[in-house]
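A.B. asks: have a look at this prediction, sequence included:
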Amino acid sequence: MVADGLLTIGAFARASRLSPKALRLYDELGLLRPARVDPFNGYRFYARDQLERARLVAWLRRLGMPLARIRTVCDLAPAEAAAEIAAYWAGVEADTAARRDLAAFLIDQLRGRDPTMTHGTITGIRYAALSDTGLVREGNQDTAYADSRLLAVADGFGTDGAAAGSAAIEALRGLGDAPAPLPGDILNTLSEAVGRANRAVAERSAGEDSGTTLTAMLWTGSRLALVHVGDSRAYLFRDGGFFRITHDHTLVQSLVDEGRLTPEEVSAHPQRSLLLRALNGRDGEVPVADLKLHDARPGDRYLLCSDGLYGVVRDADLRGVLASGSTPEQAVRDLIGLARAAGAPDNVSCVVADTLPAAE
C-alpha cells in the first residue's frame with residue numbers, strides 16, 4: 001500500500017485473485033485501468049473500490065467469457081449485467097449439449113452400433129409446408145419450406161424480416177440438392193450452412209434491425225440432423241408421445257432455466273419475444289446454433305413451426321392434430337386453422353413430415 005491509500009499492483013492482485021500479468025493486460029485493453037500510474041517508473045496503483053469490478057472480471061474469466069464481452073458486462077447496471085451473464089451461460093449450455101450429442105454419435109459409430117437398424121428401415125419422408133399471414137399482421141415475414149431432404153421454418157423480424165427469413169432458408173436449400181453427407185460430416189455441413197445463411201441474411205436484408213430465426217432438419221437417410229437458432233421450434237410425435245426437441249434462445253427461456261420464471265408466466269412477460277440468438281449478419285459474427293443428430297424411426301411425425309403457432313395453440317391441441325392420422329397436407333391446414341381460431345395475432349408457419357417405413 002502507498003501513502004494515499006492506493007494498493008500496489010501486487011497487493012491488488014492478491015486481493016482480487018488476479019495475477020499482475022492479467023492486471024497489466026486488462027489495463028492495456030481498457031477493461032480495468034489503474035487508479036494511478038507513476039509517471040517516472042510506470043508502477044500501477046489501484047483503489048480499493050476497484051476490487052468489486054476486478055473480482056467480477058475474475059469470476060467471469062473462470063466462466064470462460066471472452067474479454068470483449070466481459071467489458072460489456074462490467075459496464076452494465078447490475079440487472080442488465082445479470083441478464084447478459086444469463087444469456088452467455090445459456091449459450092455455453094447449448095454448445096455443451098451440441099457437443100454431447102456429437103460425442104454420443106461418435107461413440108456409437110466407434111462401437112459399431114447402427115441405431116437405424118434397431119427400429120426398422122426408413123425409405124423417405126412425406127411432407128407438407130404452409131405459411132399464413134394471420135389475422136392481424138399486414139405482411140408475412142415467416143417462411144416455411146419442405147422437400148424430400150430439407151424441412152425448414154424461419155421467422156423474420158425487423159424492417160426486412162421477410163427477406164431475412166427467405167434468404168436463410170434459400171442458403172440451406174442447396175443441402176437438399178447435394179449428395180447426402182457422410183454421417184461424420186453432417187454436423188460440419190450444417191455448421192457451414194449456418195455461416196452461409198448468416199451472410200445471406202446480411203446481404204439480402206438492408207435494415208440493421210432485421211434478422212431471422214431458423215429451425216431446420218436435414219434428412220440423411222439414417223438420421224434427421226437438426227440446426228436451430230432462435231425461438232421457432234421442432235416437435236416429435238412418436239408412439240403417442242409428444243416432445244419438443246428444440247430449446248428456445250430467448251430471455252424468458254433463460255429465466256425459466258434459472259428457475260426465476262415459471263413456464264406459465266412466460267406468456268405474460270413483457271420481454272417474451274426478446275431473442276438471445278438469431279441470424280442477422282451483424283459484424284460478420286455467426287451466432288452459435290444448436291446442432292443435433294436425431295435418430296428417426298418409421299412412423300415418426302415431426303412438426304417445425306414459428307411462434308405464431310405454439311404461442312396461441314396449446315400443446316395438447318398440437319398433439320391432437322399430429323395424432324389424428326391425417327396427411328401432412330391436411331395437418332398443416334388444421335394447425336393453421338387452430339391458430340386463426342385463436343386470433344392469429346402473428347404470422348403462422350409450420351412443416352409436418354412423416355418418416356416412411358420400407359413397406360410403403
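C.D. replies: It's in.
A.B. asks: using PDB, write out every CA atom in whichever helix or strand residue 320 is part of.
C.D. replies: Per DSSP states H and E: residue 320 is located in helix 315-323. Only the C-alpha atoms of helix 315-323 are listed here, as PDB (Å, rounded to 0.1, in the frame of the first residue of the first chain):
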ATOM      1  CA  ASP A 315     -49.500 -28.300 -26.700                       C
ATOM      2  CA  ALA A 316     -52.500 -30.700 -26.200                       C
ATOM      3  CA  ASP A 317     -54.100 -29.300 -29.400                       C
ATOM      4  CA  LEU A 318     -50.900 -29.500 -31.400                       C
ATOM      5  CA  ARG A 319     -50.500 -33.100 -30.300                       C
ATOM      6  CA  GLY A 320     -54.200 -33.800 -31.200                       C
ATOM      7  CA  VAL A 321     -53.600 -32.700 -34.800                       C
ATOM      8  CA  LEU A 322     -50.400 -34.800 -35.100                       C
ATOM      9  CA  ALA A 323     -52.100 -37.800 -33.600                       C
END
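A.B. asks: list phi and psi for residue 52.
C.D. replies: Torsion angles at residue 52 (phi, psi; degrees, to the nearest 10) stand at phi -60, psi -50.
A.B. asks: swap that for residue 354, please
C.D. replies: According to degrees, to the nearest 10, residue 354 has phi -110, psi 140.
A.B. asks: leaving out the residues flanking it, which one is nearest to it?
C.D. replies: In this structure, residue 354 finds its nearest non-sequential neighbour in residue 126, 4.7 Å apart by C-beta to C-beta, 6 or more residues apart in numbering. For glycine as for every other residue, the C-beta is placed from the backbone atoms N, C-alpha and C.
A.B. asks: where does the one you found land in three-state SS?
C.D. replies: Following DSSP: H, G, I helix; E, B strand; the rest coil, we place residue 126 in the strand state.
A.B. asks: about what we covered before: what's in contact with the helix holding residue 320?
C.D. replies: In this structure, residues lying in contact with helix 315-323 by C-beta atoms under 8 Å, 6 or more residues apart in numbering are 235, 237, 240, 242, 301, 303, 309-310, 331, 334-335, 338, 352.
A.B. asks: any idea how far apart the tips of stretch 213-228 sit?
C.D. replies: End-to-end distance for stretch 213-228: 8 Å, by C-alpha to C-alpha, to the nearest Å.
A.B. asks: again, but for stretch 242-261
C.D. replies: With C-alpha to C-alpha as the measure, stretch 242-261 spans 23 Å from end to end.
A.B. asks: got the buried residues for it?
C.D. replies: Neighbour counts over stretch 242-261 (16 or more other C-beta atoms under 10 Å) mark 242, 245-256, 261 as buried.
A.B. asks: identify the residues contacting that stretch?
C.D. replies: Stretch 242-261 is touched from outside by 83, 86-87, 89-90, 93-94, 97, 215, 226, 228-237, 262-263, 266, 269, 271-278, 290, 292, 294, 315, 318-319, 322-323, with contacts defined as C-beta under 8 Å, 6+ apart.
A.B. asks: tell me which residues touch residue 13, please.
C.D. replies: Residue 13 is in contact with 19-20, 22-23, counting by C-beta under 8 Å, 6+ apart.
A.B. asks: one step back: which members of the buried residues of stretch 242-261 are the farthest-apart pair?
C.D. replies: Taking C-beta to C-beta as the measure, the buried residues of stretch 242-261 span a maximum distance of 25.6 Å, between 242 and 251.
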